[in-house]
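A.B. asks: would you be able to build a 3D model of this:
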Amino acid sequence: MTVRQLSVRISTEGDSVSKVTRALGESDVDIRGFSVSDSAEHGVLRLIVDQPSRACEALVHAGMTPCETPVLVVALPDQPGGLAGILKTVAEAGVQIEYVYSLISTYVVLNVADPATAEKLLAGSTIRLVDEDEIASGRMS
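C.D. replies: Model prediction:
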């Protein structure tokens, strides 16, 4: 049960993030979570949105080149060590965790080298994976 994450290369100078968010807002796309990372040459804006297909169209129309990546969205246990337990489960199975960021509430996005294996590991535990319909509804619980 992967979710489509959109990534856009952005300039480390200027209002690149604003251009992306404006294009999405004008297309009635709601951002559910995001992450920005940068290097000396460029940045990467990663997004989880309620309507990934519409978001891609809006970004292309705005002159950007979005990239889709399948990621897992995990509902964290709301307790100390909740994230640590999930990351330990995946890492101990030898699945590389490439990055982690949070969404609304206590939800996090995991981009892992092998989503299918990580999904099987997590689905067999007390962890609840989140799908795109739940993200789109805005009623993540």
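A.B. asks: list the buried residues in whichever strand or helix holds Arg22.
C.D. replies: Using DSSP states H and E, Arg22 maps to helix 16-26. Judged by neighbour count using 16 or more other CB atoms under 10 Å, the buried positions of helix 16-26 are Ser16, Lys19, Val20, Thr21, Ala23, Leu24. All C-beta spots, glycine's among them, are computed from the backbone N, C-alpha and C.
A.B. asks: distance from that helix to the middle of the chain?
C.D. replies: 17 Å (CA atoms, centre = their mean, to the nearest Å).
A.B. asks: circling back to that earlier point, if we take the buried residues of helix 16-26, which one ends up nearest to Gly43?
C.D. replies: Ser16 (7.0 Å; CB to CB).
A.B. asks: return the helix or strand in the chain with minimum mean pLDDT.
C.D. replies: strand 107-112 (a mean of 74; mean pLDDT, DSSP states H and E).
A.B. asks: if we can go back for a sec, pLDDT check: weakest of the buried residues of helix 16-26?
C.D. replies: By pLDDT, Ser16 ranks lowest within these, coming in at 83.
A.B. asks: hmm, Leu45 and that one touching each other?
C.D. replies: Yes - with contact defined as CB atoms under 8 Å, Ser16 reaches Leu45; the gap is 7.4 Å.
A.B. asks: shared neighbours of these two, which are they?
C.D. replies: Common neighbours of Ser16 and Leu45, using CB atoms under 8 Å, 6 or more residues apart in numbering, are Ile10.
A.B. asks: how is the chain partitioned into domains?
C.D. replies: Domain assignment of the chain by automatic domain parsing yields the ranges 3-69, 70-137.
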